[in-house]
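[1] predicted model and sequence follow; I will ask about them next.
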Amino acid sequence: MQDQATGSFDVKLTPINSGDGPIGSMLIAKTYKGDLQGSSLGQMLAFRSDVPGSAGYVAMERVTATLAGREGSFTLQHSGLMDKGTPTLSVVVVPDSGTDGLAGLTGTMAIVVSPERHDYELRYTLPD
């Protein structure tokens, strides 16, 4: 049976000097609040086309947190697109990336961005 964790997060994106190429790189630092309590560090690659509202990004994010009273770490893999303003996003827990109390974690995360906050919904399964 799948469980659900919800809450919000603060995010800081720091550009990495990637030269004048068409693909930008950023460091990600997040603080999670709510059912998932902790922080994460990651890296993003992004591209923005000349067509307004069209772009893409991929990212890997290592989360260290408490979930359902269990402490550990796991990795999220992001893949996002904007097609002339229409977004699609996939964020999944990398298989077998969980450690300690979060070993065996599987799941997906939905992210909702509004002008003043970022919310998440993590649908997950943890072994007994």
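    Noted; the coordinates are in hand. Fair warning: this is a prediction, and the values are worked out from it, not measured in the lab.
[2] most distant residue from the centre of the protein?
    D20 (26.2 Å; C-alpha atoms, centre = their mean).
[3] find the nearest non-adjacent residue to G7, please.
    Nearest non-adjacent residue to G7, counting by C-beta to C-beta, 6 or more residues apart in numbering: G34, 1.5 Å away. Using the backbone N, CA and C atoms, a C-beta is placed for each residue, glycine as well.
[4] and that neighbour, what pLDDT?
    Per-residue pLDDT puts G34 at 98.
[5] same question, the one 3 residues further on
    On the pLDDT scale, Q37 is placed at 98.
[6] repeat for D20
    74.
[7] for it, helix, strand, or coil?
    Three-state assignment for D20 (DSSP: H, G, I helix; E, B strand; the rest coil): coil.
[8] tell me the spacing between it and L36.
    According to C-beta to C-beta, to the nearest Å, D20 stands 38 Å off from L36.
[9] with V58 instead?
    22 Å.
[10] quick one, which of those two is more surrounded?
    L36 (21 against 14; other C-beta atoms under 10 Å).
[11] residues touching G72, list them.
    By C-beta atoms under 8 Å, 6 or more residues apart in numbering, G72 lies in contact with T64, A65, G98, T99, D100, G101, L102, A103, L105.
[12] give the residue spans of this structure that score low on pLDDT.
    Applying pLDDT under 70 to the chain flags residues 1, 18-19.
[13] from what I can see L45 touches I23, true?
    Yes: L45 lies in contact with I23 (C-beta atoms under 8 Å); the separation is 5.7 Å.
[14] noted, bye for now.
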